[in-house]
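Trainee: missing the sequence, but the structure's below:
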């Protein structure tokens with residue numbers, strides 16, 4: 001089993017300053033993923049697959065892809 005790098009931990013902040021707020025029960029759009037809610041430094045919230053958290057940019061102010069529904 002692969003060791004977690006902590007990117008899905010509540011409070012984790014990625015290289016773009018986006019923080020993990022919560023895990024949801026919603027299925028993501030990638031294999032075996034669920035949606036996590038992230039918040040950018042300006043306060044915008046958006047959904048992301050757990051596997052994408054480390055690289056996600058805010059869709060509102062950082063030019064990222066549309067967030068997933070949660």
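Mentor: Sure thing, it's come through. All values derive from a computational prediction rather than experimental measurement.
Trainee: what comes into contact with the lengthiest strand in the chain?
Mentor: Criterion DSSP state E: the longest strand present in the chain is strand 19-27. Strand 19-27 has contacts (Cβ atoms under 8 Å, 6 or more residues apart in numbering) with 7-13, 33-39, 45, 47, 50, 53, 68-70. Every residue, glycine included, has its C-beta placed from N, CA and C.
Trainee: Generate a ChimeraX selection restricted to the buried entries among the residues you listed.
Mentor: Of the contacts of strand 19-27, the buried ones go into a single ChimeraX selection, burial set by 16 or more other Cβ atoms under 10 Å:
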select :7,8,12,33,34,35,36,37,38,39,45,47,50,53,68,70
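Trainee: What about the contacts of strand 19-27, which are in strands?
Mentor: Reading strands off the contacts of strand 19-27 with DSSP E, I get 34-39, 45, 47.
Trainee: I would like the residues contacting stretch 43-51, please.
Mentor: 7-8, 21, 23-24, 26, 28-30, 33-40, 56, 58-61, 64, 67-70.
Trainee: pLDDT on that stretch, on average?
Mentor: The average pLDDT for stretch 43-51 rounds to 98.
Trainee: Same check on stretch 11-26?
Mentor: For stretch 11-26, the mean pLDDT works out to 98.
Trainee: tell me which residues of that stretch are tucked away?
Mentor: Per 16+ other Cβ under 10 Å, stretch 11-26 contains these buried residues: 12, 14, 18-20.
Trainee: mind checking the end-to-end distance for it?
Mentor: Criterion Cα to Cα, to the nearest Å; first-to-last residue distance in stretch 11-26 is 19 Å.
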